[in-house]
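Peer 1: Fold the following, please.
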Amino acid sequence: MTVIRLPAGGWKPRDSQRKLWGFLERGGRRAVELAHRRWGKDEVALHRSAVALHERVGNVWHCLPLFAQARKTIWTAVNPHTGIRRIDEAFPQELRALTNEQEMFIRFLNGSTWQVIGSDTYNHLVGASVNGVVFSEWALANPSAWAFIAPILAENDGWALFITTPRGRNHAKTTYDMARGNPGWFAEVSTVADTGFPLEIVEAQREEYRSIYGTDAGDALIEQEYWCSFEAAILGSYWGKELVAAEREGRIRKVDADPNIPVDTVWDLGVGDSTSIWFFQMAGAEIHIVDFYEASGYGIEHYANIKREKRYNYGVDYVPHDAKQRSFTSSGRDGKAKQRIEVMIECGLRPVLVPDHKVIDGINAARQTLPRCWFDEGRCENGLEALRQYQAEWDDDKKVFRDRPLHNWASHAADSFRYLSIAWKQRAPAKLAVPVIVDPLGRTRPIHPCPKVLTKMTYSEFAATRGKRREMV
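Peer 2: The predicted model follows:
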């Protein structure tokens, strides 16, 4: 009889990994590890998953930001020191009943299963049950995946491990900040200074980054990846500077909707993909963005109901030019597929097409629009995070950014904001309330909101002003 000891192959956590490993071994249910490159985050997660799957029969998921990258990053990844696939090191063949290479799925002899998934396809897991989940590169993942999985884990008394290097002040940082103040969580930041990682390797990597990205961007990457800095710029971010300026100028705060001004919505329509909606109103020269909503897998009626629940004083619903495409999920009496815009009208919405435009023109329009914007920091939190994470795609072969955006979980909210940046110019700014002057006797006198200077007044206008002044004396 073959005896397999777990962790397999005599693996043991390194000194820098012992705090996290010990917490999980003692039954800890929630942990976040922000660690530098080559710390061994996935290695720890795989070996811990193997142990957990044999402590208690159940299902464990290893979640990457994108399902498309999961095969290369985890399933086929080879340990350069041993030449063996990492999953084969952590999950010995002798313990397996089935290995499905196509679905990246393993069933063990005891009935437990382990599978690789993507945060971009989490909605495909409806109805599934899970006892444990590892969010690898959590800073790049869709945070909505945790909102979906968390209730399942709570019901199953399951565990969750978040491992990542920082990517700006995004949801990974808020997860870490929350965990630090919660006694039920483990939270740790491990920089190269904490682990004794050879600094000569870091400096060699710095020179390589500088040669590719330039000095400033190269140094920012080193700060981010080896010193775990939250402040380093997100490489290739389209709107990072504009959003930093909005925070610095206090334009990300509580922003309530003015009931006297129509709230327009801007949509990026999807069915399998997410549908993202921004809620905004024109307040003079300012754009007040009062709400944001995103979901996936629903029809238009769902979003119409969400609008009704929010109970704003609504204006129109701006939609992209492709809303004229016909949807095969709905048809009229003649059996022909309906346009999405037709379905919206039937649901009581007021769709208006945003002029068709090139993506890069929309990105530039957003750069010009953001300095006008005020965001409600609570209701728009997820949308704002998506705007921060919207970035150009990197060509690793040519070592340059491509002239197109990276398609990830942030894309839909960013696309919707591009439409907003075109649409607001079609909406005339709301008239400002007429200001009121209170005289010392307590009487009020309205004046013109933009009074003319004397040199621009006609005689009649000047005479009328003198009359009003005499009345107030």
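Peer 1: Quick check: the gap between residue 96 and residue 114.
Peer 2: 10 Å (C-beta to C-beta, to the nearest Å). Yep, even glycine has a C-beta here, placed from its N, CA and C like the rest.
Peer 1: Give me the common contacts of the two.
Peer 2: Contact criterion C-beta atoms under 8 Å, 6 or more residues apart in numbering; residues bridging residue 96 and residue 114 by contacting each: 106, 108.
Peer 1: Which of the two has more residues huddled nearby?
Peer 2: Neighbour totals were compared for residue 96 and residue 114, and residue 114 leads with 25 against 14 (other C-beta atoms under 10 Å).
Peer 1: Strand partners (parallel or antiparallel) of the helix or strand hosting the more buried one?
Peer 2: Remark: residue 114 resides in strand 113-118, with elements defined by DSSP states H and E. Partners of strand 113-118 in the sheet, by DSSP bridges, are strand 59-64 (parallel), strand 105-108 (antiparallel).
Peer 1: give me the low-pLDDT residue ranges for the chain?
Peer 2: Scanning the chain with the threshold set as pLDDT under 70 gives 1, 125-127, 231, 233, 271-273, 326-337, 396, 399, 428-473.
Peer 1: ok now do the spatially most central residue of it, which residues does it touch?
Peer 2: The centroid of the chain falls nearest to residue 386 when counting by C-alpha atoms, centre = their mean (3.7 Å). Counting by C-beta under 8 Å, 6+ apart, residue 386 touches 276, 409-414.
Peer 1: I'd like those residues written out as a markdown table, with distance to residue 46, secondary structure and neighbour count added.
Peer 2: Below are these laid out as a markdown table (distance: C-beta to C-beta, whole Å; DSSP: H, G, I helix; E, B strand; the rest coil; neighbours: other C-beta atoms under 10 Å):
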| residue | distance to residue 46 | secondary structure | neighbour count |
| --- | --- | --- | --- |
| 276 | 34 | strand | 28 |
| 409 | 24 | coil | 25 |
| 410 | 27 | coil | 23 |
| 411 | 29 | helix | 20 |
| 412 | 31 | helix | 23 |
| 413 | 32 | helix | 26 |
| 414 | 33 | helix | 25 |
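Peer 1: Nearest to residue 13 among the residues you listed?
Peer 2: residue 409 (31.0 Å; C-beta to C-beta).
Peer 1: follow-up on the earlier one: redo the contacts of residue 386 as JSON lines? Include distance to residue 155.
Peer 2: As requested, the contacts of residue 386 are exported to JSON lines (distance: C-beta to C-beta, whole Å):
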{"residue": "276", "distance to residue 155": "29"}
{"residue": "409", "distance to residue 155": "25"}
{"residue": "410", "distance to residue 155": "29"}
{"residue": "411", "distance to residue 155": "31"}
{"residue": "412", "distance to residue 155": "29"}
{"residue": "413", "distance to residue 155": "29"}
{"residue": "414", "distance to residue 155": "33"}
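Peer 1: burial count for the residue lying closest to residue 193 once chain neighbours are set aside?
Peer 2: Distance criterion C-beta to C-beta, 6 or more residues apart in numbering; nearest residue to residue 193, sequence neighbours excluded, is residue 227 at 7.4 Å. Using other C-beta under 10 Å, residue 227 is surrounded by 17 other residues.
Peer 1: Likewise for residue 185?
Peer 2: Quick note: residue 185 (other C-beta under 10 Å) scores 19 neighbours.
Peer 1: isn't residue 415 right up against residue 275?
Peer 2: No. Under the criterion of C-beta atoms under 8 Å, residue 415 makes no contact with residue 275, lying 10.5 Å away.
Peer 1: can you pull the contacts of the closest residue to residue 234 other than its chain neighbours?
Peer 2: Excluding the flanking residues, the one nearest residue 234 by C-beta to C-beta, 6+ apart is residue 168, at 4.6 Å. Contacts were defined as C-beta under 8 Å, 6+ apart; by that measure residue 168 touches 139, 230, 232-234, 237, 240, 388-389.
Peer 1: For residue 18, what are phi and psi?
Peer 2: When read as degrees, to the nearest 10, the backbone of residue 18 gives phi -70, psi -30.
Peer 1: Look up how far residue 40 lies from it.
Peer 2: Remark: distance between residue 18 and residue 40 (C-beta to C-beta) = 12 Å.
Peer 1: quick one, which of those two is more surrounded?
Peer 2: residue 40 (17 against 12).
Peer 1: Surely that one is in contact with residue 11?
Peer 2: No. Under the criterion of C-beta under 8 Å, residue 40 is not in contact with residue 11, lying 10.3 Å apart.
Peer 1: I'd like to know how far residue 59 sits from residue 144.
Peer 2: With distances taken as C-beta to C-beta, residue 59 is found 20 Å from residue 144.
Peer 1: Over to residue 230?
Peer 2: Distance, residue 230 to residue 144, using C-beta to C-beta: 21 Å.
Peer 1: same question, residue 76
Peer 2: 27 Å.
Peer 1: same deal with residue 302?
Peer 2: The gap separating residue 302 from residue 144 is 15 Å, by C-beta to C-beta.
Peer 1: These two: which is more packed in?
Peer 2: Between residue 302 and residue 144, counting by other C-beta under 10 Å, residue 144 is the more crowded of the two (19 against 13).
Peer 1: Check which residues of stretch 418-426 are buried.
Peer 2: Judged by neighbour count using 16 or more other C-beta atoms under 10 Å, the buried positions of stretch 418-426 are 418-424.
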